[in-house]
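Engineer: Got a sequence here, can you model it:
(2 chains)
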Amino acid sequence: MKRRDFLKLSCGLCLSLRPGKLCSESLFPLNLKQPNLSKVEARYYEKLPDREIKCTLCPRYCHLGDKERGYCGVRENDGGIYYTLVYGKVCAVNVDPIEKKPFFHFLPGTLAFSLATAGCNVNCKFCQNWQISQVRPEQVEAFDLPPEAVALAAQRNNCLSVAYTYTEPVIFFEYMVDSSIASRKRGLKNVVVTGGHINPEPLEDLIKVVDAIKVDLKSFSEAFYKEYVRGELKPVLEAIKLIHQRKMWQEIVYLVIPTLNDQETMIRQMCRWLLKEVGPDVPLHFSRFHPMYLLKNLPPTPISTLEKLYSIAKQEGLRYVYIGNVPGHKAESTYCPFCGQLLIERVGYQIERIELRDGKCRYCHAPIPGIWT
Amino acid sequence: MSSRPKVVIIRARGLFSEFRPDPKRLQAMIIKGLTLLTSENEIKQAIEKIFSPSDRIGIKINTIAGPRLSTLPELALALVSVLTAGGILQRNMIIWDRTNRELRDAGYPIQTARDKLKIFGTDNPGAGYEQEPYSFRNIGSLFSTILTNFVTASISLAILKDHGLAGITAGMKNYFGAVHNPNKYHDNHCDPFVAELLACPPIKSRHRLTILDALVVQFHKGPSFHPRWAAQYEGLIFGLDPVATDTVGWSIIEKLRSEKGLPSLKEEGRSPNYLETARVLGLGENDLTKIQIIEEEV
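Structural biologist: Below is the predicted model:
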């Protein structure tokens, strides 16, 4: 990197790095001068006759004519070649506690250099970051942050990991993979926060270069996925299974939306499926919903609902169940499933204490799954 | 909506000279089309039947496919001339689409002066999208402020063409360019999205007139330009019923496909079923036998 580029990057980051705050708050600026788009060839697509293409990155398999964009809005067919428009074009970047992702069994108490580009391959009516995920890249401000600069900036901000998050990192797949490789060279880890709409082949490639994946499982019902996510459940379940089979560290988040995906029977089925397919050690986070985007007519999730679902998951045999978005709740903390002692005490994103020794319970010495160092 | 909506097709043989249409003949086509559509003898009365003098008219064009398959500038400007002759002030008209770049690429000059005809895209300084998403049935979008803040009456001056996903793109789907996230509405052959977007109050309350640019019709492998499957149809299609107008447009595409020995859209599994959805929503008529079609030449 040239000195001038570095100074430019540093200035940009100084302005934008405010922990806990998205840098793209000023959304839909009315006076965008020039769209800041990349033109890097996509890695997963098939060329078809008559300048058409079929995207093979995610289960949508968008079949596109010349000049058309995929469902994600960030990949475009130009003359029969498919391009990503967001390679290195970051619209949100922050230094976050890793707990915010949330990862609870992955380097607790450390910082993650967190970034996103615009776009998403689903359209959740309850999206919490819709201002950057449900837009086209020219509709938000973005700045250049090439992969090597990601690694450098993460290191300079005392982060132990880089998190691809906020929107849907699958749609900036090429950038995520290259940034992960660059970050690994500097001794950093990489974590992915995804909805899991990705095809097996790119997922296999992703798994080779990252260290942990958090999957947002949005429901255990195809009907819900169809109506509220505009996606499919089946490929998400397949992704969860594949991540587990490849021994990649994985955590699951389930956003509980009152009346829509909080049915106890369904949650029990989901827990049984998780137990069978990925085992009792996968952390499961039940997160509290807040009215957003196109679902403003519903109230926030009652805490009693979250506690009920927490109990169901524990009854079904999952060992590490959490309640999220309820700062101060005791189910934010990690307890030893064998002796019941408090192992990691959390208040919000803050770690109060850690009672692990070499990845084991300090009291009964039972191994606690996760990546601790 | 009358029980039998009227759709007018005006054709002009030999309209093109060195790939550009004759502006005078385009004006004559528009005058003929609008007078037949409104059953008026004079263009002024025809325009007064559709618009009020105080209306601010948005002419939504389609420039996504570049210079060879966008609403032609000669056509949009001919329409402005005719509307001006009908008593609409030029300063109360805007020709618009998504971006200035696409408009420029299609041959439109960007014009923003207050006291003149305006031509610019939603990304122009001072325009943009609404800040809060509009939620209606399956639609959740930010609307262009050109539509919501400036326009009181809208004309969809759309290209008629085949569309790989939607079946056809015409007057109704043209409004995909009025929202920030059209890529989210291509599932299931754009059904019900095309119909539901038209039914959204910000569009439904403003839409007055559809004019389909069928001067050159891409009848296969659209929406991008493929000269092999583009026909110089030299027609304009006028309608007050947006569903009926697009239905007639669809029939023209099927006719051109049939003439070239191509399978129908239904046979290819991509009929524009959103037209039936639109009928169910009460937006217009999609049964050709219930549409009064008038075809003339100038």
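Engineer: Show me what from chain B comes close to chain A.
Structural biologist: B:64-66, B:99, B:123, B:125-129, B:131, B:133, B:135, B:140, B:142, B:164-165, B:180-181, B:183-184, B:186-187, B:221-226 (C-beta under 8 Å from any C-beta of the partner chain). Heads up, the C-betas are built off the backbone N, CA and C, glycines and all.
Engineer: Go through these and flag which are in strands.
Structural biologist: Judged by DSSP state E, strands contain the following of the residues of chain B next to chain A: B:135, B:140.
Engineer: gap between stretch A:281-292 and the chain center?
Structural biologist: 13 Å (C-alpha atoms, centre = their mean, to the nearest Å).
Engineer: Correction: the previous question concerned stretch A:168-177.
Structural biologist: On C-alpha atoms, centre = their mean, the centre of stretch A:168-177 falls 11 Å from that of its chain.
Engineer: quick one: is it near chain B?
Structural biologist: No - using C-beta under 8 Å from any C-beta, no contact is recorded between stretch A:168-177 and chain B, whose separation bottoms out at 11.1 Å.
Engineer: The residue of the stretch 151-298 of chain B found nearest chain A and residue B:68: what is the separation?
Structural biologist: For the stretch 151-298 of chain B and chain A, the shortest gap (C-beta to the nearest C-beta) falls at residue B:224, measuring 3.6 Å. Going from residue B:224 to residue B:68 by C-beta to C-beta, to the nearest Å gives 9 Å.
Engineer: Tell me which stretches of the stretch 1-150 of chain B form helices.
Structural biologist: Counting by DSSP state H, counting those that start in this stretch, the stretch 1-150 of chain B has helices at residues B:23-38, B:43-50, B:73-85, B:100-105, B:145.
Engineer: Reformat those as JSON lines; add mean neighbour count and mean pLDDT.
Structural biologist: Conversion of the helices of the stretch 1-150 of chain B to JSON lines gives the following (neighbours: other C-beta atoms under 10 Å in any protein chain shown; pLDDT from 0 to 100):
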{"stretch": "helix B:23-38", "mean neighbour count": "21", "mean pLDDT": "98"}
{"stretch": "helix B:43-50", "mean neighbour count": "18", "mean pLDDT": "97"}
{"stretch": "helix B:73-85", "mean neighbour count": "21", "mean pLDDT": "98"}
{"stretch": "helix B:100-105", "mean neighbour count": "19", "mean pLDDT": "96"}
{"stretch": "helix B:145", "mean neighbour count": "18", "mean pLDDT": "98"}
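Engineer: how about the nearest residue to the residue of the stretch 151-298 of chain B closest to chain A, chain neighbours excluded?
Structural biologist: Among residues not flanking residue B:224 along the chain, residue A:66 sits closest, at 3.6 Å (C-beta to C-beta, 6 or more residues apart in numbering or on different chains).
Engineer: which one in the chain is furthest away from the centre?
Structural biologist: You didn't say which chain, so I picked chain A. Most distant residue from the mean C-alpha position of chain A: residue A:50, 36.0 Å away (C-alpha atoms, centre = their mean).
Engineer: Oops, wrong one, chain B.
Structural biologist: Using C-alpha atoms, centre = their mean, the residue of chain B lying farthest from its centre is residue B:261. It sits 27.2 Å away.
Engineer: element containing that one?
Structural biologist: Per DSSP states H and E: residue B:261 is located in neither a helix nor a strand.
Engineer: Output the lowest mean pLDDT helix or strand found in chain A.
Structural biologist: Across the helices and strands of chain A, mean confidence by mean pLDDT, DSSP states H and E is lowest for helix A:3-16: a mean of 46.
Engineer: Pull up the pairing partners for the helix or strand following that one, direction included.
Structural biologist: Counting by DSSP H and E, the element after helix A:3-16 in chain order, helix or strand, is strand A:40-41. Paired with strand A:40-41 in the same sheet, following DSSP bridges, are strand A:81-84 (antiparallel).
Engineer: which intervals of the chain have sub-threshold pLDDT?
Structural biologist: Because you didn't say which chain, this covers chain A. Scanning chain A with the threshold set as pLDDT under 70 gives A:1-33.
Engineer: try again with chain B
Structural biologist: Chain B contains residues with pLDDT under 70 at B:1-2.
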